[in-house]
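1. return a 3D structure for these sequence lines:
(one chain, ligands or ions: 3)
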Amino acid sequence: MSQPLITLDFLDTPTLPTPTVEATTHAHEPSGAVRVNPSTRTGRTRKLYIESYGCQMNFSDSEIVSSILFEQGFDTTEELEGADLVLLNTCSIREKAEQTVRMRLSQINSYKKRSPGMLVGVLGCMAERLKSKFLEEEKLVDLVVGPDAYRDLPQLIQQVDGGQKAVNVLLSREETYADITPVRLNSNGITAFISIMRGCDNMCSFCVVPFTRGRERSRDAHSIVQEARDLVAQGYKEVTLLGQNVDSYKWASADGTEHVNFAQLLERVALISPELRVRFSTSHPKDITDEVLHTMARHENICKYIHLPAQSGNSRVLALMNRTYDRPWYEERVQAIRRILGEDCAISTDMISGFCSETEEEHQDTLSLIDFVQYDMGYNFFYSERPGTLAARKLEDDIPLDVKKRRLQEVIDRQQLHARARYARMVGRVHRVLVEGRSKRSEDQLSGRNSQNQVVIFPKGTAQKGDYVNVLVTSTTGAALLGEII
Ligand code: SAH
Ligand code: SF4
Ligand code: F3S
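-> Numbers count the residues shown, from 1 in each chain. Ligands and ions are numbered 1, 2, ... in the order given. Now for the predicted structure:
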């Protein structure tokens, strides 16, 4: 489990050469690579090794890809050595993310030279961004497949088996993979992610996602509820509904008689079982409605945690970023959260330091917004220009790297101050915790999370993974709560 206080750009600390970072539990959180668990299935003839980079959407897509390829006779393996097909599901969000993938590819290529017959494919956002250029730049890559083309993988692999290179990076306005049951990778059997939409129709000037993931589209509400029901039947206790901007979820039945917005979808999933926890990510400050907040308040099992990326605390910078809200709007949304859900509802953010033309005063505004909100968690980055984005075309990336990094560090420090205080105020109280497994520290300790997504660690007693337990919290490390079951 990731430590909530970590706010560094994860991709600044690549996990190479052997990526072993555990799957994160945050939909929005960029992370290093994650390898899949070995599957227990047998009788498959070819071995698939898949590594995922970037946000939780990519991890979720890898589960869809594994499902599609399972039908084609591929079983997953956690050993690169001996794999027949190696897939990297890639991220383009910042330059570092792409560098990490390139470094990994060069390692994989050295394996490939020693392993005749091994095929190497690149999936995801970097595949979409670079398209067939990838094949020119990385000669040993056989396959380049964008996020909306995974159904075509069987044909593309056939093509590669026939000795050709294969590329499909077509984006779609409809594809949601609604009918594909994901093969759960890296699963603890308790928590799972469900993609409810794909793409993004916002045009934040810094962001590559609209180019790599295409237009926004919402998945059939019935297929989402059914997937959650199936997970409950298999013993899962928590689902996280995923989208780049979940608040703009909007689905209508083909005959137009049924319309479902995000608040209604959330309620439908929450009603499946009071024992099922429901989380979601990411909320866009311009779209999060009071209806969503009231729905959260009505259902105990909808977790009281909202990831509400601000990006900046200054209205001029927000306008340059094309975020379509200003600081007063953001503050009002935070006040609505506090009014409807109370002080205990956790709020987290993403911030970008050193965006084009950001002044020292404007940076100070970001720090003061952090003070205003008192975030529980933050994922903070320095600005990295992405080719083709609005900012790359129209604005000058003029803040020197050392200034960006210094401002980022100030943002991290300020945010951690509040995160520690938010942890400290939980001491002395009883928390309902979903047990996710053994604590990393000790065999005798269990680890889980409270509704606010804070990590809670306690002696195991008779509790088991998947149980809900009441834990009296007696202290905090600043990154986790410590206590005992009562
Ligand atoms: N859909 C989410 C963001 C997904 S990308 C939202 O709108 O909030 C995750 C985070 O990466 C963003 O919130 C932003 O903080 C960061 N990010 C995106 N593009 C970036 C860039 N060019 N440089 C630095 N950080 C960036
Ligand atoms: Fe990128 Fe903005 Fe869409 Fe988030 S909302 S994915 S930051 S364009
Ligand atoms: Fe996600 Fe990275 Fe793509 S953050 S949407 S995998 S660019």
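
2. in the stretch 1-150 of the chain, which spans are helices?
-> If DSSP state H, counting those that start in this stretch is used as the criterion, the helices of the stretch 1-150 of the chain fall at 56-70, 95-114, 124-130, 133-137.

3. contacting residues for the closest residue to residue 152 other than its chain neighbours?
-> In space, residue 152 comes closest to residue 168 once its chain neighbours are excluded; the distance is 4.8 Å by Cβ to Cβ, 6 or more residues apart in numbering. Glycine gets a C-beta too; all of them are placed from N, C-alpha and C. Contacts for residue 168 were tallied using Cβ atoms under 8 Å, 6 or more residues apart in numbering; they are 144, 145, 146, 149, 152, 156.

4. likewise for residue 224?
-> Taking Cβ under 8 Å, 6+ apart, one finds 194, 196, 241, 265, 269 in contact with residue 224.

5. among the residues you listed, which lie within helices?
-> Counted as lying in helices by DSSP state H, out of the contacts of residue 224, are 265, 269.

6. biggest separation within the contacts of residue 224, which pair?
-> The most widely separated members of those, counting by Cβ to Cβ, are 194 and 265 (10.4 Å).

7. for these two, indicate the residue with more neighbours.
-> Taking other Cβ atoms under 10 Å, residue 194 and residue 265 do not tie; residue 265 has more neighbours (26 against 21).

8. hang on, the earlier thing: phi, psi of the residue nearest to residue 152?
-> Phi and psi for residue 168, reported as degrees, to the nearest 10, are phi -140, psi 110.

9. distance of it from residue 351?
-> From residue 168 across to residue 351, the span is 36 Å (Cβ to Cβ, to the nearest Å).

10. which of the contacts of residue 168 sits closest to ligand 1?
-> Among the contacts of residue 168, residue 146 lies closest to ligand 1 (Cβ to the nearest ligand atom), at 17.5 Å.

11. what distance do you get for the closest one to ligand 2?
-> Note on residue 146: its distance to ligand 2, by Cβ to the nearest ligand atom, to the nearest Å, is 16 Å.

12. if we can go back for a sec, what is in contact with residue 194 and residue 265 at once?
-> 224, 241.

13. and the closest residue to residue 463 other than its chain neighbours, what pLDDT?
-> Nearest residue to residue 463, sequence neighbours excluded (Cβ to Cβ, 6+ apart): residue 469, at 4.9 Å. Note on residue 469: pLDDT of 97.

14. surely residue 469 meets residue 435?
-> Yes - using Cβ atoms under 8 Å, residue 469 is in contact with residue 435, at 6.1 Å.

15. what touches both of those two?
-> Both residue 469 and residue 435 are in contact with 448, 463, where contact means Cβ under 8 Å, 6+ apart.

16. for residue 167, which non-adjacent residue is spatially closest?
-> Distances taken as Cβ to Cβ, 6+ apart put residue 144 closest to residue 167, at 4.5 Å, once the chain neighbours are dropped.

17. give me every residue that touches the one you found.
-> Listed by Cβ under 8 Å, 6+ apart, the contact set of residue 144 reads 121, 122, 127, 130, 131, 132, 134, 135, 166, 167, 168, 169.
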